[in-house]
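# My questions concern the predicted model and sequence given below.
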Amino acid sequence: MPATKYLLSISADFGGSFSSEGWVSEIEGSSISVAIDHSVGGITTHGDSVETWFADVLSSADEQTLNGLPASHYSFWREPIMQQVVSKREQRLSSVIFTEYPAGSGKMFGCSVADQDNWNKLATLDSRGLVIYPFRAYTYDHMDFHDIVDSADLTAAIAAVSLAVMTERASADAVLNEVASAADEASAQAAAEPYLSS
């Protein structure tokens with residue numbers, strides 16, 4: 001079985017960023033049946049080229065799989081950027097994004113995951129007839145409150161919080177989509193930076 005080398009380009013195939021360890025994991029986790037031949041070089045880089053040595057010639061199906069794998073290789077540089085955006089979204093929902101309810105009242109309610117969970121639990125209790133009205137809901141800083149008078153008032157309050165949360169999520173999703181479609185790491189970071197610095 002002759003060891004066979006296959007070449008790919010870091011810039012053209014991997015979007016400008018490459019991890020040898022990650023590439024080994026992707027190949028070994030794929031359907032390619034021929035083992036990487038580490039005795040003759042395994043995976044090496046020379047300038048822009050990635051050399052991948054296999055223990056034998058790949059079948060046409062395996063070679064097609066190999067050539068398609070770099071499309072998933074993006075995670076080695078995209079994933080940390082995307083995680084930063086997700087973390088920033090949760091931080092903003094916890095300490096930056098608030099919703100006013102009732103409209104024009106100046107009473108601001110929190111939109112954190114815990115706040116969303118509390119509203120959802122309250123809605124569940126209400127659906128079972130277990131909420132006694134008026135129900136006092138405190139603002140994010142506990143400096144003010146709104147007495148929810150009935151189920152319709154509760155639904156409106158939850159809708160206000162949900163709108164603020166969904167608006168923030170839509171902003172973050174737009175950034176995540178830009179990062180996912182970025183051609184290289186620098187472009188992905190540039191796409192994420194305005195949101196990460198907000």
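Happy to help now that I have it.
# hey, let's count contacts and neighbours off CA atoms from now on
OK.
# Pretty sure Asp37 sits against Val57.
No: look at Asp37 against Val57 with C-alpha atoms under 8 Å: they stay out of range, at 11.2 Å.
# Mind checking what secondary structure Asp141 has?
coil (DSSP: H, G, I helix; E, B strand; the rest coil).
# Please enumerate residues in contact with stretch 142-149?
101, 107, 133-139, 154 (C-alpha atoms under 8 Å, 6 or more residues apart in numbering).
# Recalculate using a threshold of 6 Å.
With contacts defined as C-alpha atoms under 6 Å, 6 or more residues apart in numbering, stretch 142-149 is touched by 133-139.
# Same question for stretch 165-176.
Ala192.
# and Leu7, what does it touch?
Applying C-alpha under 6 Å, 6+ apart, the residues contacting Leu7 are 50-51.
# which stretch of helix or strand covers it?
Using DSSP states H and E, Leu7 falls within strand 4-9.
# Just the buried residues of the helix or strand hosting Ala180, please?
Counting by DSSP H and E, the element that carries Ala180 is helix 151-181. By neighbour count on 16 or more other C-alpha atoms under 10 Å, the buried set for helix 151-181 is 151, 154, 157-158, 160-162, 164-165, 168-169, 172-173, 175-176, 178-180.
# now stretch 105-122
Quick answer for stretch 105-122 (16+ other C-alpha under 10 Å): 107-112, 115-116, 119, 122.
# So which of those residues sit within strands?
Those of these mapping onto strands are 108-110, per DSSP state E.
# Now render those as a markdown table, adding pLDDT and distance to Pro70.
Below are these laid out as a markdown table (pLDDT from 0 to 100; distance: C-alpha to C-alpha, whole Å):
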| residue | pLDDT | distance to Pro70 |
| --- | --- | --- |
| Met108 | 98 | 47 |
| Phe109 | 98 | 45 |
| Gly110 | 97 | 42 |
